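**Student:** build me a structure from this.
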Amino acid sequence: MLQKTRNGKGKTVLVAGGAGFVGSHLCDALLARGDRVICVDSYITGSEDNVRPLANHPHFRLIEMDICVLESIDEPVNQIYNLACAASPPQYQADPVHTMMTCVAGTGNLLTLAERNGASFLQASTSEVYGDPVEHPQREDYRGNVNCTGPRACYDEGKRAAEALCFDMLRAGKVDARVARIFNTYGPRMQPHDGRIISNLLVQAISGEPLTIYGTGEQTRSFCFVSDLVAGLMALMDVDPNPEGPVNLGNPGEFTINELAAMVLDMVPAGGRIVHRPLPQDDPQRRRPDIARARELLGWQPKIPLSEGLRHTADWFVATLGEHPAAPHSSKARRPSPVPEIHAGA
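**Tutor:** Numbering: from 1, shown residues only. As a prediction, the model looks like this:
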């Protein structure tokens, strides 16, 4: 049954990690809806370039701050989105202790801020809480298969602990907390060298380098375009009553990494051959969300197919890197295609 959606328009919204890939798109969508946005970012993985176009917006405020040492915010807020954490393995493994503390201490600080303000809170969790799943597709009631001492544990277990904090605060009646379990997301503003599979393959292809596939390439992922994800996050924040449990947000279309690489090579003819490297420890073999709960509670499902979203992302990388893939009978670089508009609704 579709639940009622609260009108979020005109609120003051704090977005932690707002200068990041997903966070900056969320800031754009909130401002377009008519909200005031306070962006908090440490720039550890976020980029000022992502929010520079918003610098002179009358309803946008930027605060450089690490949520692990969050200071008081000198104005009341109505909603808090917590997207503040490195999200790709090379980034979150670079300083695993800080990753864990961002998930636990940082989330705790933001929940305290939400309690003081009577603000609704949305935690950006992850499909990584399912680990290398033995249940497929993954439903929210699946408890996961996580190596709690492995090299990915700082992120996987950190996010699981953050979820526990959110639901403890919700059960205690202290914070209206919601949790989104986000599956692989892609789109413009991804960092070229963040280590995610789509950015890796596109940048390598655009640069004419060999495409690196880890393992056999038969492992699967489900890829959600960023505008679809942002619409889901906003719908989850605004739905009433609180779902009182995690909600998967992702695209249920499932592709092997080999299929993804073939799509990239078809799209970027300048790409080189494929080379294989050993599969990293604890890398999941299959990943696909069951989004029945999001459909029922939020009326949400993704709209952008991988072929379309990949083209938008490739065009953005071409423009950003100052290079262009070789195209038959033409030496002209393609202009970036428009990114699909982000809407708050499904």
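**Student:** what about the helices in the stretch 51-200 of the chain?
**Tutor:** Per DSSP state H, counting those that start in this stretch, the stretch 51-200 of the chain carries helices over the ranges 89-94, 96-101, 107-117, 153-171, 197-206.
**Student:** okay if I get those helices as JSON lines plus distance to residue 76, mean neighbour count and mean pLDDT?
**Tutor:** Any C-beta I mention is one placed from the backbone N, CA and C, and that applies to glycine too. Formatted as JSON lines, these follow (distance: least, CB to CB, whole Å; neighbours: other CB atoms under 10 Å; pLDDT from 0 to 100):
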{"stretch": "helix 89-94", "distance to residue 76": "32", "mean neighbour count": "18", "mean pLDDT": "90"}
{"stretch": "helix 96-101", "distance to residue 76": "27", "mean neighbour count": "18", "mean pLDDT": "96"}
{"stretch": "helix 107-117", "distance to residue 76": "5", "mean neighbour count": "21", "mean pLDDT": "98"}
{"stretch": "helix 153-171", "distance to residue 76": "19", "mean neighbour count": "21", "mean pLDDT": "97"}
{"stretch": "helix 197-206", "distance to residue 76": "37", "mean neighbour count": "22", "mean pLDDT": "95"}
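**Student:** between those, which one is closest to residue 68.
**Tutor:** Nearest of the helices of the stretch 51-200 of the chain to residue 68, taken as CB to CB: helix 96-101 at 5.2 Å.
**Student:** circling back to that earlier point, possible to save the helices of the stretch 51-200 of the chain as JSON lines with distance to residue 191?
**Tutor:** As requested, the helices of the stretch 51-200 of the chain are exported to JSON lines (distance: least, CB to CB, whole Å):
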{"stretch": "helix 89-94", "distance to residue 191": "8"}
{"stretch": "helix 96-101", "distance to residue 191": "16"}
{"stretch": "helix 107-117", "distance to residue 191": "23"}
{"stretch": "helix 153-171", "distance to residue 191": "16"}
{"stretch": "helix 197-206", "distance to residue 191": "7"}
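**Student:** which one of those lies closest to residue 69?
**Tutor:** That would be helix 107-117 among the helices of the stretch 51-200 of the chain, by CB to CB, at 8.1 Å.
**Student:** tell me which other helices or strands that closest one touches.
**Tutor:** Secondary-structure packing of helix 107-117 (3 or more CB pairs under 8 Å, 6 or more residues apart in numbering; DSSP states H and E): strand 12-16, strand 79-82, strand 120-126, helix 153-171, strand 176-182.
**Student:** redo that, cut-off 7 Å
**Tutor:** strand 79-82, strand 120-126, helix 153-171 (3 or more CB pairs under 7 Å, 6 or more residues apart in numbering; DSSP states H and E).
**Student:** among those, which comes closest to residue 57?
**Tutor:** strand 79-82 (17.5 Å).
**Student:** ok, that closest one: who's next to it in the sheet?
**Tutor:** In the sheet, strand 79-82 lines up against strand 12-16 (parallel), strand 120-126 (parallel) (DSSP bridges).
**Student:** what is the mean pLDDT for the helix or strand that the shortest one is followed by?
**Tutor:** As assigned by DSSP states H and E, the chain's next helix or strand after strand 12-16 is helix 21-33. Mean pLDDT, taken over the full extent of helix 21-33, equals 98.
**Student:** contacts for helix 21-33?
**Tutor:** 8-9, 13, 15, 17-18, 37, 39, 46, 50-51, 54, 57, 59-60, 81, 83, 185, 189-191, 226-227, 229-230, 233-234, 342, 344 (CB atoms under 7 Å, 6 or more residues apart in numbering).
**Student:** go again with 6 Å.
**Tutor:** By CB atoms under 6 Å, 6 or more residues apart in numbering, the residues outside helix 21-33 that reach it are 9, 13, 15, 17-18, 37, 39, 50-51, 59, 83, 189-190, 226, 230, 342, 344.
**Student:** weed out the non-buried ones from those residues.
**Tutor:** Among the contacts of helix 21-33, those buried by neighbour count (16 or more other CB atoms under 10 Å) are 13, 15, 17-18, 37, 39, 50-51, 83, 189-190, 226, 230, 342, 344.
**Student:** run through this structure and note the low-pLDDT ranges.
**Tutor:** 1-9, 323-346 (pLDDT under 70).
**Student:** again, only this time at 90
**Tutor:** 1-10, 71-72, 87-90, 193-195, 269-273, 279-284, 321-346 (pLDDT under 90).
**Student:** closest one of the buried ones among the contacts of helix 21-33 to residue 102?
**Tutor:** residue 17 (9.2 Å).
**Student:** let me know whether the closest one touches residue 83 as I believe.
**Tutor:** Yes. Using CB atoms under 6 Å, residue 17 is in contact with residue 83, at 3.6 Å.
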